[in-house]
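Undergrad: Sequence and predicted structure below; questions after.
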Amino acid sequence: MKIKFLLTALLLLSISFSYADTVTIKHFIVKSNPFAKDEIAILAADSLNEVNEQVSGNFIFTVNGFEDTLKFDKGTAFYHHKILRSSFLYVKHHNDTGTYGTLYYLYKHVDDITPVHISWIWLLAIPAGLIIIGYLFKRFIIIAIILFLIFLYFNHSNGLSMPTFFESVLNGLKNLF
């Protein structure tokens with residue numbers, strides 16, 4: 001009787017310590033999909049931008065405002081939507097620890113896609129630099145305004161809307177602190 005009680009207590013104790021560790025995605029990288037033309041792959045990464053192969057399962061991501069469930073296998077998920085031209089891509093993931101978003105510019109070649117990570121610092125630095133140049137050199141204020149309008153047109157024509165612009169900057173500032 002004592003042995004059964006001891007084994008039951010030991011079993012209950014071992015069950016209470018054997019919870020599974022949940023895997024969360026805090027960093028991710030966008031790469032060109034090597035298996036399909038005009039598609040991208042999203043890689044779950046650690047803080048050193050190395051693929052975290054422990055990530056497997058379904059995770060909800062928001063890509064350019066559209067929510068999609070991506071199936072990760074060994075840290076890699078494929079986004080099966082064709083990229084027809086060069087454009088901005090804002091990828092966001094929300095989990096229990098917070099919201100993580102990254103802005104990329106997808107440069108489309110004839111047969112490949114090159115993703116370029118756009119830091120939120122550059123999104124602030126370019127307009128701020130144009131404003132400072134226009135303020136310091138009154139003669140160049142017209143040129144600074146024209147360059148600012150070209151910057152806005154380039155962003156808008158390639159799919160970067162103002163809400164996405166501000167959300168990317170605010171996400172970067174929030175993750176800074």
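TA: Alright, I've got the coordinates.

Undergrad: Would you mind giving the domain segments of this protein?
TA: 23-118, 119-177 (automatic domain parsing).

Undergrad: hey, least reliable of the ones you listed by pLDDT?
TA: When the domains of the chain are ranked by mean pLDDT, domain 119-177 comes last with a mean of 84.

Undergrad: re earlier: winner for burial among the domains of the chain?
TA: Of all the domains of the chain, domain 23-118 has the most neighbours on average by mean count of other C-beta atoms under 10 Å, namely a mean of 16. C-beta: built from backbone N, CA, C; applies to glycine.

Undergrad: I figured His93 hits Phe59, correct?
TA: Yes: with contact defined as C-beta atoms under 8 Å, His93 reaches Phe59; the gap is 6.6 Å.

Undergrad: which residues do those two both contact?
TA: Ile25 (C-beta atoms under 8 Å, 6 or more residues apart in numbering).

Undergrad: Secondary structure element for the residue nearest to the spatial centre of the chain, which one?
TA: With distances taken as C-alpha atoms, centre = their mean, the chain has Thr102 as the residue nearest its mean C-alpha position (3.1 Å). Per DSSP states H and E: Thr102 is located in strand 98-108.

Undergrad: The helix or strand just after that strand: partners in the sheet, and parallel or antiparallel?
TA: Next in sequence after strand 98-108, counting helices and strands by DSSP H and E, comes strand 113-118. Paired with strand 113-118 in the same sheet, following DSSP bridges, are strand 98-108 (antiparallel).

Undergrad: Quick one: distance of the partner strand to the chain centre.
TA: In terms of C-alpha atoms, centre = their mean, to the nearest Å, the centre of strand 98-108 is found 4 Å from the chain centre.

Undergrad: would you put the C-alpha positions of it in PDB?
TA: Taking C-alpha atoms only, strand 98-108 is exported to PDB below (Å, rounded to 0.1, in the frame of the first residue of the first chain):
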ATOM      1  CA  GLY A  98       3.900  41.300 -27.900                       C
ATOM      2  CA  THR A  99       3.600  42.300 -31.500                       C
ATOM      3  CA  TYR A 100       6.600  42.000 -33.800                       C
ATOM      4  CA  GLY A 101       6.600  43.600 -37.300                       C
ATOM      5  CA  THR A 102       9.200  44.100 -40.000                       C
ATOM      6  CA  LEU A 103       9.100  46.100 -43.200                       C
ATOM      7  CA  TYR A 104      10.800  44.800 -46.300                       C
ATOM      8  CA  TYR A 105      11.200  46.100 -49.800                       C
ATOM      9  CA  LEU A 106      10.900  43.200 -52.300                       C
ATOM     10  CA  TYR A 107      13.000  44.000 -55.400                       C
ATOM     11  CA  LYS A 108      11.700  41.800 -58.200                       C
END
